[in-house]
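Peer 1: 3D model of this:
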Amino acid sequence: MFLVKQAEEVEARMKRIAATKGVIGTLVVNPDGVPLRSTLDQSMTLQYAGQLQNLVALARSTVRDIDPQNDLSALRVRAKNYEIIVVTGDYLMITIQKLPE
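Peer 2: Take a look at the predicted model:
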């Protein structure tokens, strides 16, 4: 029952985020980099999940090297046209959005 409620909450959050102007897609990825939910096509989902899981692991390691009592809670990567926001926890919640022109 608890897992069903949790899955429904994740689904509702993804829909709310996906409805935001400029959002291209959202993903939920497990700690091993396996996509569990996505609003992107399979190819893009696998690409983002794999690359961002590696980037989050590196960023988390860097944060812990600086302060072993601390942990990475979010990562934001901004490029010329896009922004990627990753919220960490038991899973990675990834949002890709197009920047306004």
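Peer 1: residues in contact with residue 32?
Peer 2: Taking Cβ atoms under 8 Å, 6 or more residues apart in numbering, we find residue 32 in contact with residue 53. Every C-beta, even on glycine, is put in place using the N, C-alpha and C of the backbone.
Peer 1: tell me which strands and helices the helix or strand bottoming out on mean pLDDT in the chain is in contact with?
Peer 2: Least confident element among the helices and strands of the chain, by mean pLDDT, DSSP states H and E: helix 2-18 (a mean of 74). With contacts taken as 3 or more Cβ pairs under 8 Å, 6 or more residues apart in numbering; DSSP states H and E, helix 2-18 sits against strand 23-29, strand 35-38.
Peer 1: For it, buried residues please.
Peer 2: 10, 14, 17 (16 or more other Cβ atoms under 10 Å).
Peer 1: do stretch 83-91 as well
Peer 2: 83, 84, 85, 86, 88, 91.
Peer 1: residues making contact with that stretch?
Peer 2: 28-31, 36, 48, 52, 55-56, 60, 71-78, 92-97, 99.
Peer 1: how long is that stretch from one end to the other?
Peer 2: Its start and end residues considered, stretch 83-91 measures 19 Å (Cα to Cα, to the nearest Å).
Peer 1: again, but for stretch 24-39
Peer 2: Per Cα to Cα, stretch 24-39 runs 8 Å from first to last residue.
Peer 1: now that stretch: mean pLDDT?
Peer 2: The predicted model assigns stretch 24-39 a mean pLDDT of 91.
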